[in-house]
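Engineer: Sequence below, structure please.
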Amino acid sequence: MKSSIVFFDNLNDSANGTLRGLISLLTLLPIYYMISLTNPKLFVFSNGTPFWLLAMSCGIGVIEPKSIKELLFFGSCVGLIMFSLHAFWSLDNLFSVTQLSNIVIQLLVGIIIACISSASVWYVYWNNNYVRIPNKFNMHWQVINFKIFICILYLTNYIIERNTY
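Structural biologist: Take a look at the predicted model:
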């Protein structure tokens, strides 16, 4: 299976790539937050969570697939990589069978979340020509997109602070 990656060498590619990343992030954040409510010990929703979900959404956003099958495959690879880093950073020094089962659960959940996010990017962006940003609105979209990302980070920080107390 072969796919291509979009490089942001012009404003149009950059604007549409950040739009795909935003679609992915708007899918990843609520799903991960709901999963963290079901098992807060295994899936911690902390101050760093939006940033590594942002990195994961950027990894999904740069993929330029030819079919949904390709996007699901490469999106699941991004989810596997990101959640494996997340799982192995949370390991204790003493390795046990419980930790191994937790790692497997985290990896499977990461793959499933990435597939859901990739499917949302496919159906909202790649399967719909009306969502793409035309050349004349690129700079305006970059400013709007930056403001949306900042609002999302503030909102998640508010949720984290509210749940901490």
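Engineer: Residue 75 and residue 117 touch, don't they?
Structural biologist: Yes - counting by C-beta atoms under 8 Å, residue 117 is a contact partner of residue 75 at 6.5 Å. From N, CA and C alone the C-beta is placed, and that goes for glycine too.
Engineer: between the two, what contacts are shared?
Structural biologist: Counting by C-beta atoms under 8 Å, 6 or more residues apart in numbering, the shared contacts of residue 75 and residue 117 are residue 60.
Engineer: residue boundaries of the helices in this protein?
Structural biologist: 11-38, 49-61, 68-89, 97-121, 138-164 (DSSP state H).
Engineer: Which among those helices is found nearest to residue 127?
Structural biologist: With C-beta to C-beta, the closest approach to residue 127 among the helices of the chain belongs to helix 68-89: 7.9 Å.
Engineer: tell me which residues in the closest one are buried?
Structural biologist: Across helix 68-89, burial judged by 16 or more other C-beta atoms under 10 Å covers 68, 70-76, 78-79, 82-83, 86-87.
Engineer: now swap in stretch 4-16 and tell me
Structural biologist: By 16+ other C-beta under 10 Å, the buried positions in stretch 4-16 come out as 12, 14-16.
Engineer: Residue 60 is in contact with residue 114, correct?
Structural biologist: Yes - contact criterion C-beta under 8 Å: residue 114 and residue 60 qualify, at 6.7 Å.
Engineer: Which residues are in contact with each of these two?
Structural biologist: Contact with both residue 114 and residue 60 is made by residues 75, 78, according to C-beta under 8 Å, 6+ apart.
Engineer: For the residue nearest to residue 102 when sequence neighbours are not counted, which residues are in contact?
Structural biologist: Once flanking residues are discounted, residue 102 sits nearest to residue 42: 5.8 Å by C-beta to C-beta, 6 or more residues apart in numbering. With contacts defined as C-beta under 8 Å, 6+ apart, residue 42 is in contact with 102, 105-106.
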